[in-house]
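**Q** please find the sequence and the predicted model below.
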Amino acid sequence: MKVLVTGGAGLVGMALRRHLQAAGHSVLATDITDFSRHDPDLFLADLNDHARLEQMVVEGEVQAIVHAGGISGPLMQREFPRSVMRINVDSTVFLLDLARRHRIGRLMLMSSHVVYGHSDKVVVSEEDAVHPGTTYAASKVAGEALVESFAREFGISAAALRLTRVYGPHRRANCYLRQAIEDSFVGRTTIIPCDPSFPYHFLSVEDVAGATLAALAAEKLDHSTYNVGSGEVLTMDAVRNIILAVVPGARIELVEGRDPAPEVQNDFSLRRMAEDAGWRPQYPLSAGFANYYRRALADGKVMQ
């Protein structure tokens, strides 16, 4: 299969490229920058460069699109809400229309668990109402609505994956796990402000790639949204213990405070992905973080 990956230089995009290629797929990856990595397999193109993207789709005979590009978290460009909406929503509708006009077999949108906002549910499922609390979350809700509308109106095969907190190599945005590894390399104590009872849902980027490949390979996707998580709910104290068990000499201090993305979600149902795509998470935090640390140790730094 020939797959176009947007956001190909990002956390999710880099892992997707590796997994797709390992599975024998041909990958066309694009991003606005390669972050000075001198990446010869990355096509530099802005998401607003519609002519360039369409040329890539046509000339590359693209059969599927994974849209992992755009503003990738609620803390990024927070002071520019119109820009967040313009970039995320416009790029999604353009790529959906490309899929419609060029009869591309499947489109996957990387969405986020933040669409749910604060939830009192014991287990959050895709059937629950969304209550976006940030412009970023609203942009993902809009993208999901477009995915569903294009599927209904034009019959294209498309779905959105609602990812929980993704970690792994090439993460550039704020991440306590990345910070702990970086601090360990220089003998610094990692200070983490948190509420002791706040639930965290860390998701290995390897599981994101696995879920995406499973969704691309599924004969039919019966739904337009899918939760993708690790299946774990952890307090920050439990996260600290996992870090300390993996990283020799790590020092972690938890102080009173709250997470920058404070909406509470207790647990997530992963049944849809299991039933429709046969996917289940493979990396609890203990395994996923150990892999992350080994890669950073081998490279001598946290890859960004």
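**A** The structure has been received and is ready for your questions.

**Q** only C-alpha atoms from now on, for both contacts and neighbour counts.
**A** OK.

**Q** for burial, what's the neighbour tally of the spatially closest residue to G133 that is not a sequence neighbour?
**A** Residue nearest to G133 in three dimensions, not counting chain neighbours: G117, with 5.6 Å by Cα to Cα, 6 or more residues apart in numbering. Residues near G117, counting by other Cα atoms under 10 Å, number 19.

**Q** now H19
**A** Neighbour count for H19, taken as other Cα under 10 Å: 17.

**Q** which one is it nearest to, not counting chain neighbours?
**A** Spatial nearest neighbour of H19, chain neighbours left out: A209 (6.5 Å); criterion: Cα to Cα, 6+ apart.

**Q** so the one you found is in which element?
**A** Taking DSSP states H and E as the criterion, A209 maps to helix 205-217.

**Q** for the stretch 201-304 of the chain, just list every one of the strands.
**A** 202-204, 225-228, 252-256 (DSSP state E, counting those that start in this stretch).

**Q** hmm, L4 and A68 touching each other?
**A** No: applying Cα atoms under 8 Å, one finds A68 not in contact with L4, separated by 10.1 Å.

**Q** before we move on, back to that, dump the residue contacts of the residue nearest to G133.
**A** By Cα atoms under 8 Å, 6 or more residues apart in numbering, the contact set of G117 is V130, H131, P132, G133, E263, V264, Q265.

**Q** how about 10 Å then?
**A** When contacts are counted by Cα atoms under 10 Å, 6 or more residues apart in numbering, G117 touches 129-134, 137-138, 261-265.

**Q** and the residues you listed, which are buried?
**A** Applying 16 or more other Cα atoms under 10 Å to the contacts of G117, the neighbour count classes V130, P132, G133, T134, A137, A138, E263, V264, Q265 as buried.

**Q** closest to A15 out of those?
**A** Closest to A15 out of the buried ones among the contacts of G117 is A137 (23.1 Å), distances taken as Cα to Cα.

**Q** just the strands from the stretch 51-200 of the chain, written as ranges.
**A** Using DSSP E, counting those that start in this stretch, strands in the stretch 51-200 of the chain cover 64-67, 106-112, 158-163, 165-167, 190-194.

**Q** contact partners for A173?
**A** L11, S72, G73, L75, M76, Y167, Q304.

**Q** apart from its neighbours in sequence, what residue is nearest E148?
**A** In this structure, E148 finds its nearest non-sequential neighbour in S224, 5.6 Å apart by Cα to Cα, 6+ apart.

**Q** what does V130 give?
**A** Leaving aside its sequence neighbours, V130 sits nearest to Y116 (Cα to Cα, 6+ apart; 4.3 Å).

**Q** again, but for V12
**A** V205 (6.2 Å).

**Q** now that neighbour: how far from N266?
**A** Distance of V205 to N266, given as Cα to Cα, to the nearest Å: 21 Å.

**Q** neighbour count for these two, which is higher?
**A** Just comparing V205 and N266: by other Cα under 10 Å the higher neighbour count belongs to V205, 26 against 19.

**Q** mind listing what R258 touches?
**A** Contacts of R258 by Cα under 10 Å, 6+ apart are I192, P193, C194, D195, P196, F198.

**Q** closest to R101 out of the residues you listed?
**A** Of the contacts of R258, the one sitting nearest to R101 (Cα to Cα) turns out to be F198, at 45.1 Å.
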